[in-house]
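# sequence and predicted structure below; questions after.
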Amino acid sequence: MPAEIHPTAIIASGAEIGDNVSIGPYCCIGGNVRIGNDTVLHQSVIIDGYTDIGEGNEIFPHAVLGKAPQHTRYKGEPSTLVIGDHNLIREHVTMHPGTEVGDMTTQIGSNSMFMAGSHIAHDCVVEDHVIFSNYVQVGGHVHIGKHCYLGALVGVHPFVRIGRNTIIGGLSKVESDIIPFSRADGNACYVDGINIIGLERNGFSKASIKTLRRAYKDLFKAEGSFEERIVRAQTTYAGDEDVKVILDFITSNEKRAIMQAKRNGKS
């Protein structure tokens, strides 16, 4: 079916609109935008810049996607914002394209929900099946793994990595990398154990979760320096693919600190 476009919407010449797309009243679509099939734009949505939106997305009023990034060194370079399929993007969400300072692109995956007022800055990568609660604010160059949940009003510092299947409590201030499969909370934020409920919902076995909990304690609660605990874990859990995800995450970027646990906290 052809697109259904409200007569008050403004579609610039050059924009590519897929089949069965619905564009509501007072939407503004720039000339370098591509919108995939079966996507719904409610009223007053703005999409601009070199923005590519996949299929089956639903975008709510006053979302602004693809406008110039909030970066003092951005000089109008044709950087991109790429959004996957079947995302729910709620009211007043903002997502910015990349910059020459980064990789020239911001990449948003598929099957995610971005609640009202959340913001994704330039040069970020957000993988699939992620949930941002209201007013989550993500700085530039952040990488968020799949199946993560960020509670309301979480603030993420630029260049932070958040590993897959992680849950972060509301109002948390995230300044360091967070290992996969974990839960984190606080201002300043700290790691507070393994994300048991999230892992169960994503099909992890009881045995796998038990191993991850034991590995977490060995990494964050045992005696010795963090470097010594990493070396011990590499030996103890050799061959365990889930623990390997955590260890690879820790050792893959020596420029960023790994978020630590409260020594007397939960596990």
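Great, that's in hand.

# could you list the low-confidence segments of the chain?
Across the chain, the ranges flagged by pLDDT under 70 are 263-267.

# one more time with 50
265-267 (pLDDT under 50).

# all helices of this protein, in order?
Along the chain, the segments classed as helices by DSSP state H run 196-201, 206-220, 226-236, 241-251.

# now those helices in a markdown table, with mean neighbour count and distance to Gln260?
C-beta coordinates here come from the backbone N, C-alpha and C atoms, glycine included. Listed next are the helices of the chain as a markdown table, based on neighbours: other C-beta atoms under 10 Å; distance: least, C-beta to C-beta, whole Å:
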| stretch | mean neighbour count | distance to Gln260 |
| --- | --- | --- |
| helix 196-201 | 15 | 20 |
| helix 206-220 | 17 | 7 |
| helix 226-236 | 14 | 7 |
| helix 241-251 | 17 | 11 |
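
# those: which one's closest to Val156?
For those, the distance to Val156 is smallest for helix 241-251, at 16.1 Å, taking C-beta to C-beta.

# please name the residues that touch the most centrally placed residue in the chain.
By C-alpha atoms, centre = their mean, the chain has its centre lying nearest to Val126, at 3.3 Å. Going by C-beta atoms under 8 Å, 6 or more residues apart in numbering, Val126 touches 107-109, 112, 120, 138, 144.

# got TSV for these, with neighbour count and distance to Ala215 too?
Shown next, in TSV, are those (neighbours: other C-beta atoms under 10 Å; distance: C-beta to C-beta, whole Å):
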residue	neighbour count	distance to Ala215
Gln107	18	29
Ile108	25	31
Gly109	21	27
Ser112	25	28
Ile120	28	31
Val138	24	28
Ile144	27	22
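
# from the residues you listed, which is closest to Ile5?
Ile108 (23.8 Å).

# and that closest one, how far is that from Gly193?
Separation of Ile108 from Gly193 (C-beta to C-beta, to the nearest Å): 28 Å.

# ok, back up a step: so for Ile46, which of the helices of the chain sits nearest?
Each of these has some distance to Ile46 by C-beta to C-beta; the shortest is helix 196-201, at 33.3 Å.

# OK, contacts around the residue lying closest to Gly18 once chain neighbours are set aside?
Nearest non-adjacent residue to Gly18, counting by C-beta to C-beta, 6 or more residues apart in numbering: Asn37, 3.9 Å away. Residues near Asn37 by C-beta under 8 Å, 6+ apart: 18-21, 55-56.

# next, give me the two most distant ones among those residues.
Pairwise distances across these peak at 11.6 Å for Asp19 and Gly56 (criterion: C-beta to C-beta).

# who's more crowded, those two?
More crowded of Asp19 and Gly56, by other C-beta atoms under 10 Å: Gly56, with 17 against 12.

# tell me the contacts of Asp85?
Contacts of Asp85 by C-beta under 8 Å, 6+ apart are 36, 54-57, 110-111.

# filter those residues down to the buried ones, PyMOL style.
Burial among the contacts of Asp85 is assessed by 16 or more other C-beta atoms under 10 Å; the matching PyMOL selection reads:
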select buried, resi 36+54+55+56+57+110
